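J.: Sharing a sequence plus its predicted fold:
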Amino acid sequence: MSNPSPSKPYYMSSLRTPIAIRFSAFLSIVNTLVDAERDLAGYSGQDPAVDVWIRDAEHAYAAALGEAANVMSLPAQTEADLRMQTVARLFLFAMNSSEPDQMAYLQHRARQTEVFLLPWGDPVNFRLNQMILQGLGLFESYAALDDGMFDVSADAAACHRPGGASPAS
C-alpha cells in the first residue's frame, strides 16, 4: 500500500496510482467497445458497409482486452487498486468466455456491488467508487450485448456515460 508523503499526500495517492490511471483509460476503451458492438446489433453482416463497423468493434475488443491486461499486470498499491483490478478481471473472464453459465455467474457477481466498493464518506473513495460503478455498469452493458437484451434507446445508453446522465440532462 502507498504511504503518504509531502510530495504525495494521502488524499491524492489513491487517485494517482498507475492502476487508477490505467483503469480510467480502460473504462473509456470499454465504452467505445460497447458503442461499437451496439452499432452492430441486428445486422446480419451481409452488407459490405457494415465491414467498417465490424473492424471498429474488433479493434475496440482487442484494445479493451489489452488495457484490461495492463490493469491486471500492474502491482496494486492500495485497496482501491485491488477493487479496480477485480472489475478488470470480470471483463477479462467475460471477454474470453463462450460459456453462458460462466457469463451468468459473472453477471451475478457484478450485481453484488458492495463487494467491489470502498467505504463511503471520503471524497477520494467517492470518486473511486464512481469509477468502479461505471465499470460495473459497462460490464452489464457488455454482458447484455451478448444476451441480445441491449436496449438501444437513449435512456439505456446513458447507463454507460460518465455520471450516468442522459443526453437531455
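T.: Thanks, I have the structure now.
J.: Tally up the residues packed near residue 145, please.
T.: Neighbour count of residue 145, defined by other Cβ atoms under 10 Å: 18. For glycine as for every other residue, the C-beta is placed from the backbone atoms N, C-alpha and C.
J.: what sits up against stretch 88-99?
T.: Contact with stretch 88-99 is made by 23, 26, 30, 61, 64-65, 68-69, 71-72, 102-103, 106, 109-110, 135, 139, 142-143, 146, as judged by Cβ atoms under 8 Å, 6 or more residues apart in numbering.
J.: Filter those residues down to just the ones in helices.
T.: 23, 26, 30, 61, 64-65, 68-69, 71-72, 102-103, 106, 109-110, 135, 139, 142-143, 146 (DSSP state H).
J.: Now, of these, which are buried?
T.: 23, 26, 30, 61, 64-65, 68, 71-72, 103, 106, 110, 135, 139, 142-143, 146 (16 or more other Cβ atoms under 10 Å).
J.: And the helices in the protein?
T.: Under DSSP H, the chain gives helices at 10-13, 18-40, 50-73, 79-95, 100-110, 123-147, 154-157.
J.: could these go into a markdown table alongside distance to residue 117?
T.: Listed next are the helices of the chain as a markdown table, based on distance: least, Cβ to Cβ, whole Å:
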| stretch | distance to residue 117 |
| --- | --- |
| helix 10-13 | 19 |
| helix 18-40 | 14 |
| helix 50-73 | 17 |
| helix 79-95 | 7 |
| helix 100-110 | 12 |
| helix 123-147 | 5 |
| helix 154-157 | 23 |
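J.: Please produce a markdown table containing those helices, extended by mean pLDDT.
T.: Putting the helices of the chain into a markdown table (pLDDT from 0 to 100) gives the following:
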| stretch | mean pLDDT |
| --- | --- |
| helix 10-13 | 53 |
| helix 18-40 | 91 |
| helix 50-73 | 91 |
| helix 79-95 | 95 |
| helix 100-110 | 93 |
| helix 123-147 | 91 |
| helix 154-157 | 41 |
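J.: Brilliant, that's me finished.
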